[in-house]
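>>> Have a look at this fold, sequence not included:
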């Protein structure tokens, strides 16, 4: 089985420092739905792994989060793509959970539920914590410059991660690279 793990905000959709608090605030990044459609056609299983501390902070509840994810599924589906599973951490940064990236708990949950090791599985993110969580389970950390990616690219240049990280302009460029391997 070919598998890819995608962060949500900044990879699939526009990010916001004020949080995405409703389906109306959620907007696809140009080309991301089509990129996921290309992965679907290439028989990749697409999994989303996203920190959603807005739940813990009281900005939105799980019902709203589910409606945001339903919108994401509809818009990706309209482009011919499919997201097979969505994993999220609803905790705040000070809650001490194991699932909030950069901790690897969410990735370990993916391994457990899908009964697969994430070793060398592509994991695409736009933040340092996305890359750190991926590397903690041996996944192939890939950075996009969308979202917080440009800032993150500077961070990893100053303080390199455990392993080298491939950097791409956006999710479409990641998919181009993966499908040409």
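Received it, and whenever you're ready, just let me know what you need. All figures in this text were calculated on a predicted structure; none of them were measured in a lab.

>>> For the protein, which segments count as strands?
2-6, 44-51, 85-89, 122-125, 140-144, 166-168 (DSSP state E).

>>> Mind putting these into JSON lines with mean neighbour count, mean pLDDT and distance to residue 98?
From N, CA and C alone the C-beta is placed, and that goes for glycine too. As requested, the strands of the chain are exported to JSON lines (neighbours: other C-beta atoms under 10 Å; pLDDT from 0 to 100; distance: least, C-beta to C-beta, whole Å):
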{"stretch": "strand 2-6", "mean neighbour count": "22", "mean pLDDT": "97", "distance to residue 98": "17"}
{"stretch": "strand 44-51", "mean neighbour count": "22", "mean pLDDT": "98", "distance to residue 98": "13"}
{"stretch": "strand 85-89", "mean neighbour count": "18", "mean pLDDT": "98", "distance to residue 98": "9"}
{"stretch": "strand 122-125", "mean neighbour count": "27", "mean pLDDT": "98", "distance to residue 98": "17"}
{"stretch": "strand 140-144", "mean neighbour count": "25", "mean pLDDT": "98", "distance to residue 98": "19"}
{"stretch": "strand 166-168", "mean neighbour count": "17", "mean pLDDT": "96", "distance to residue 98": "27"}
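
>>> quick one: the least confident helix or strand in the chain by mean pLDDT to chain centroid distance?
Of all helical and strand segments in the chain, the minimum by mean pLDDT, DSSP states H and E falls on helix 149-158, at a mean of 93. Helix 149-158 has its average C-alpha position 17 Å from the chain's average C-alpha position, going by C-alpha atoms, centre = their mean, to the nearest Å.

>>> other SSEs contacting it?
Helix 149-158 sits against helix 128-136, strand 140-144, with contacts defined as 3 or more C-beta pairs under 8 Å, 6 or more residues apart in numbering; DSSP states H and E.
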